[in-house]
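Trainee: Mind folding the following:
(one chain, ligands or ions: 2)
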Amino acid sequence: MRRILITGSLGQIGTELTCHFRREYGVDRVVASDLIRKDVPEVIGEGHFEQLDVLDAERLAAVVRAYNIDTVVHLAAILSAIGEEIPQRAFDVNMNGLYKVLEVAREYKLAVFTPSSIAAFGPSTPADRTPQDTLQRPNTMYGVTKVAGELLCDYYHHRYGIDTRGVRLPGLISYKTPPGGGTTDYAVHIYYEAIRQGRYESYIAEGTKMDMMYMPDCLKAFTMLLEADPARLKHRNAFNITAMSVSPEEIAASIRQHLPDFQLSFKVDPVRQAIADSWPNSMDDSCAQQEWDWKPDYDLSAMTADMFAQLRKDQGNKDEGSPPTGCGT
Ligand code: NAD
Ligand code: AKB
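Mentor: Ligands and ions are numbered 1, 2, ... in the order given. Have a look, this model is predicted:
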């Protein structure tokens with residue numbers, strides 16, 4: 001059974017992945033870590049947590065030794081929109097952070113799982129049903145680091161035999177931890193604002209399609225690929241996976257099934273719109289289907305129904321003054 005270190009575990013994916021892995025592998029076998037210790041009770045209060053800057057390779061190695069880690073799930077990163085505000089820092093964290101993780105993995109013979117993104121594609125990539133293997137010339141710093149990261153992980157597999165694996169994630173929609181400064185964040189905010197105010201002003205323009213996925217499908221994909229039979233894997237580090245290709249007005253129409261008076265307006269942010277325009281409209285994830293049986297559980301309407309149920313439950317708990325829910329709920 002694996003002993004897993006998660007980096008960046010207080011972010012949007014990490015908080016839920018930590019809980020998910022603790023349920024799958026056992027509380028004692030999962031070590032959460034992040035740059036700063038934040039008050040996230042379900043991660044900090046319910047198992048091992050280490051404050052860890054991924055740029056500090058010595059401390060990374062010390063944590064690996066202390067807990068006898070054999071697998072690193074590397075999530076620490078700066079996402080697309082923030083990455084355009086601070087490109088030098090994005091390069092440092094995303095590139096040098098991954099390099100240090102891979103070097104420690106080489107020394108201690110660890111498996112490494114790290115997600116890439118739809119951001120690894122660019123304006124010259126075929127936008128519809130974007131193939132698994134295609135042109136990748138992204139024009140954001142985040143995207144540049146994601147393509148380079150995919151290649152670096154492939155290199156460590158071929159050159160050193162490290163078991164590296166990963167997926168190209170679409171935008172993730174979730175209700176536990178807010179997103180950390182990406183372009184697809186609107187698709188999360190729209191649900192929160194629908195519940196809070198009954199309306200939302202989108203910074204992404206009408207008609208802009210991007211791939212999206214509900215968090216439970218992302219967690220499922222991580223486990224499936226991590227545990228997939230290596231003999232079946234022709235690709236390793238950058239499997240296209242998707243659950244839906246949607247625009248803001250399509251999400252709004254789905255929200256109106258639960259909130260008929262919901263209003264959507266637009267005030268487009270040129271920076272994030274340009275990023276969105278450079279990404280695929282929809283990805284072809286048939287290689288993930290063939291090589292490790294990938295299939296999402298949630299389409300847009302199932303996701304919207306669950307988002308509403310969960311956000312309304314949270315709202316009810318807050319109104320009653322109940323403490324935030326932990327991992328198990
Ligand atoms: P996030 O921004 O919510 O969380 C990232 C975490 O990394 C934060 O908690 C932050 O404190 C931490 N971090 C930053 N610098 C660090 C450092 N030097 N050392 C240690 N920790 C550091 O991001 P997320 O959405 O959880 O994304 C996780 C991974 O998934 C990233 O690689 C991201 O590119 C990828 N991804 C996310 C999405 C999405 O929609 N959320 C989509 C595609 C790919
Ligand atoms: C972002 O928008 O930056 C992320 C991603 C798709 O990588 N959500």
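Trainee: The nearest residue to Met215 once chain neighbours are set aside and Ala61: what is the separation?
Mentor: Leaving aside its chain neighbours, Met215 sits nearest to Ser174 (3.7 Å; criterion: CB to CB, 6 or more residues apart in numbering). Where you see a C-beta, it was placed from the backbone N, CA and C, and this is true even at glycine. Counting by CB to CB, to the nearest Å, the gap from Ser174 to Ala61 is 32 Å.
Trainee: Have a look at these two and say which one is more surrounded.
Mentor: Comparing Ser174 with Ala61 by other CB atoms under 10 Å, the one with more neighbours is Ser174, at 22 against 16.
Trainee: who's in contact with that one?
Mentor: Contact analysis of Ser174 by CB atoms under 8 Å, 6 or more residues apart in numbering lists Gln12, Glu16, Val188, Tyr214, Met215.
Trainee: again, but for Val73
Mentor: Residues in contact with Val73 (CB under 8 Å, 6+ apart) are Ile4, Leu5, Ile6, Thr7, Leu17, Phe21, Phe113, Thr114, Phe222, Leu226.
Trainee: So which residues of the stretch 151-300 of the chain form strands?
Mentor: All strands of the stretch 151-300 of the chain, identified by DSSP state E, counting those that start in this stretch, fall at 164-165, 167-169, 171-173, 199-202, 210-214, 239-240, 244-246, 263-266.
Trainee: Let's verify Gly122: helix, strand, or coil?
Mentor: Here Gly122 is recorded as coil under DSSP: H, G, I helix; E, B strand; the rest coil.
Trainee: Can you get me a residue count around the residue nearest to it when sequence neighbours are not counted?
Mentor: Distance criterion CB to CB, 6+ apart; nearest residue to Gly122, sequence neighbours excluded, is Pro138 at 3.9 Å. By other CB under 10 Å, 25 other residues sit near Pro138.
Trainee: Burial check on the nearest residue to Asp128 once chain neighbours are set aside, number of neighbours?
Mentor: Excluding its sequence neighbours, the residue lying closest to Asp128 (CB to CB, 6+ apart) is Asn281, at 5.3 Å. Using other CB under 10 Å, Asn281 has 18 neighbouring residues.
Trainee: Which residues are in contact with Asn281?
Mentor: Neighbours of Asn281 in contact, by CB under 8 Å, 6+ apart: Ala127, Asp128, Lys209, Met210, Ser245.
Trainee: Would you check which pair of those residues lies furthest apart?
Mentor: Farthest-apart pair in these is Asp128 and Met210; separation 12.1 Å (CB to CB).
Trainee: list the residues that contact both of those two?
Mentor: Listed contacts common to Asp128 and Met210 are Pro280, Asn281; contacts here mean CB under 8 Å, 6+ apart.
Trainee: Neighbour count for those two, which is higher?
Mentor: Remark: of Asp128 and Met210, Met210 carries more neighbours, 26 against 11, as counted by other CB under 10 Å.
Trainee: what sits against that one?
Mentor: So Met210 contacts 118, 170-171, 183-184, 187, 204, 245-247, 276, 279-281 (CB under 8 Å, 6+ apart).
Trainee: check the residues you listed against ligand 1, which are close?
Mentor: Under the cut-off given by CB under 6 Å from any ligand atom, ligand 1 has Gly171, Thr184 from the contacts of Met210 close to it.
Trainee: Among the contacts of Met210, which are located in helices?
Mentor: Among the contacts of Met210, the members found in helices (DSSP state H) are Ala187, Ala276.
Trainee: Redo the contacts of Met210 as CSV? Include pLDDT and distance to Phe91.
Mentor: Listed next are the contacts of Met210 as CSV, based on pLDDT from 0 to 100; distance: CB to CB, whole Å:
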residue, pLDDT, distance to Phe91
Ile118, 98, 19
Pro170, 98, 23
Gly171, 98, 22
Thr183, 98, 18
Thr184, 98, 21
Ala187, 98, 26
Ile204, 98, 25
Ser245, 98, 30
Val246, 98, 31
Ser247, 98, 31
Ala276, 98, 22
Trp279, 98, 20
Pro280, 98, 23
Asn281, 98, 28
